[in-house]
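J.: Fold the following for me, if possible:
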Amino acid sequence: MRIQELVESKSDLIDELRRAGNTPGLSVCVICNGEIVFQRGYGHADIQNHVAATDSTVLPVASITKGFTAAACGILVADGKLSWSTYLVLALTSFG
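T.: Numbering: from 1, shown residues only. Here you go, the predicted model:
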């Protein structure tokens, strides 16, 4: 089964989990080998105005970005592109 078909077959489950978690809306995007193979919005972007979430809805992600950042840094450390003691201004020259 292709990845797109597999994810699409789980679309109802994704929405069921969204509802079970009391999450108003979410967007899912699956990328395989550099290509978007699935993207869809679930629920609402704005509950009060009944605006549906789409695959391009910008949603707040709150503190979850810290985990993504740590994972990305771990990959760069494993690839030898930086170390855990690298100063941020050395890795992101525009940051300083």
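J.: quick one, strands of this protein?
T.: 25-32, 35-46, 51-52 (DSSP state E).
J.: Now render those strands as JSON lines, adding mean pLDDT, mean neighbour count and distance to I75.
T.: No exception for glycine: its C-beta is placed from N, CA and C like everyone else's. Output for these, formatted as JSON lines (pLDDT from 0 to 100; neighbours: other CB atoms under 10 Å; distance: least, CB to CB, whole Å):
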{"stretch": "strand 25-32", "mean pLDDT": "91", "mean neighbour count": "15", "distance to I75": "15"}
{"stretch": "strand 35-46", "mean pLDDT": "94", "mean neighbour count": "16", "distance to I75": "20"}
{"stretch": "strand 51-52", "mean pLDDT": "96", "mean neighbour count": "12", "distance to I75": "34"}
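J.: so which of those strands comes closest to C73?
T.: strand 25-32 (20.0 Å; CB to CB).
J.: was I right about S56 contacting V28?
T.: No - with contact defined as CB atoms under 8 Å, S56 does not count as touching V28 (11.9 Å).
J.: what's next to the top helix by length along the chain, contact-wise?
T.: Longest helix in the chain, counting residues (DSSP state H): helix 64-78. Residues from elsewhere that reach helix 64-78, judged by CB atoms under 8 Å, 6 or more residues apart in numbering: 82-84.
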